[in-house]
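# Next input, structure requested:
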Amino acid sequence: YEMLRSLVGSEMCIRDRCNFNCSFCYREGGEETMDEKLFLGLPKYLSRITDQVALGGGEPTLFPELVSKFAEECKKYGLICNVTTNGYAIRKWSDEKVKRFSENLTMVSVSLDREKIRQWSLEEYLKVVKKLQKHTLVGCNLLIDEEMFKNADFIRIVSSLFHEGLDRVFALYPKNAYSVDILPYKNYYLYLSTVYPKFYVDDLTYKILDEGKYSNWKKPCHYGKDIISINEKGEVTGCSFSNSHKLILKKPEDILKDIVFEDRFNCPYLAR
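So this is what the prediction gives:
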């Protein structure tokens, strides 16, 4: 399973407001906002502990100027800055606005799942991808479900996305949502990983396929090790699904404080 690749780094949420209301979302919709001075001051100190930051939501495209300022700070301190978005707002953006938004971003990942497709068509999704591709690398965060494994649709979907020129496809296991048994389809993952060097999986998928089971792993997951998460309240956790914070940031340099995360040999966010 060494062919399977997972992505790591630091995750951040600016605000928890979103223009979608997906049933499986792990964020609480609202108007919580990280202090702007704290937010824009973080890249200087994050650069000492990681080489990349992923901005998520809420929905980052609702605050494009703030994202642009943050990405500029990341570039200043040598940090890779990626953004995950549902992409919906970008449909009506001018090319100039897309360019300004993307200027200092390394990649924009546009989420794709069964609820997004219900709210807007795949054709519209791909139009947004094409708009972004003029100015930055574009990936797809693909949330899997049982339907994707029928008739090998999973392989067809991923292959089609790469055919459309996406630079990365990140296949995510649904947490805090519905359950999917991926073990019977591990060869699908290995096939895609062999054919497409830019096909990635999340750490949970990797653990399940590597260990051949859903719990009681021999080795711990990357909770608090390869990745940390900072939400809009400044709470620092070991992954974006955790509600158990180890630190609340009051000023940017607080991120350099020593934090001890326990080893996790099971994922408490799997749907039961």
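# centroid residue for this protein?
Thr84 (5.5 Å; Cα atoms, centre = their mean).
# I'd guessed that one sits against Pro60; true?
Yes - in this structure Thr84 lies within contact range of Pro60 using Cβ atoms under 8 Å: 7.4 Å. Quick note: C-beta positions are derived from backbone N, CA and C, even for glycine.
# Let's test this: name the helix or strand in this protein with the lowest mean pLDDT.
Lowest on mean pLDDT, DSSP states H and E among the helices and strands of the chain sits strand 9-13, with a mean of 71.
# Mind listing the strands that one pairs with, and their directions?
strand 52-56 (parallel), strand 227-230 (parallel) (DSSP bridges).
# ok, then the element right after whichever strand or helix holds Leu192?
Assessed by DSSP states H and E, Leu192 sits inside helix 186-195. Using DSSP H and E, the helix or strand that follows helix 186-195 in sequence is strand 199-201.
# for that following strand, packing partners?
With contacts defined as 3 or more Cβ pairs under 8 Å, 6 or more residues apart in numbering; DSSP states H and E, the packing partners of strand 199-201 are strand 168-172, helix 186-195.
# pLDDT of the longest one, averaged?
pLDDT averaged over helix 186-195 equals 96, rounded to a whole number.
# mind checking how far that helix is from the chain centre?
21 Å (Cα atoms, centre = their mean, to the nearest Å).
# can you give me the angle that helix makes with strand 168-172?
Interaxial angle, helix 186-195 versus strand 168-172 (axes from the mean of the first three to the mean of the last three Cα atoms, to 10 degrees): 160 degrees.
# and helix 186-195, what other elements does it pack with?
Using 3+ Cβ pairs under 8 Å, 6+ apart, helix 186-195 is in contact with helix 153-163, strand 199-201, helix 203-211.
# Centroid-wise, who is the farthest residue in the chain?
Furthest out from the centre of the chain (Cα atoms, centre = their mean) sits Asn151, at 27.1 Å.
# Can you classify it by secondary structure?
helix (DSSP: H, G, I helix; E, B strand; the rest coil).
# Show me the helices in this structure, by range?
Under the criterion DSSP state H, the chain contains helices at 36-46, 64-76, 95-102, 114-119, 122-133, 153-163, 186-195, 203-211.
# Of the helices and strands packed on helix 186-195, which stretch is the most buried?
strand 199-201 (a mean of 24; mean count of other Cβ atoms under 10 Å).
# picking up where we left off before, of the helices and strands packed on strand 199-201, which stretch is the most buried?
strand 168-172 (a mean of 21).
# That one pairs with which strands?
Each strand paired with strand 168-172, and its direction, by DSSP bridges: strand 137-143 (parallel), strand 199-201 (parallel).
# now, of those strands, which is deepest in the fold?
strand 199-201 (a mean of 24).
# What mean pLDDT does that one get?
96.
# what distance separates it from the middle of the whole chain?
Worked out by Cα atoms, centre = their mean, strand 199-201 lies 12 Å from the chain centre.
# Same check on stretch 196-207?
For stretch 196-207, the distance to the chain centre is 12 Å (Cα atoms, centre = their mean).
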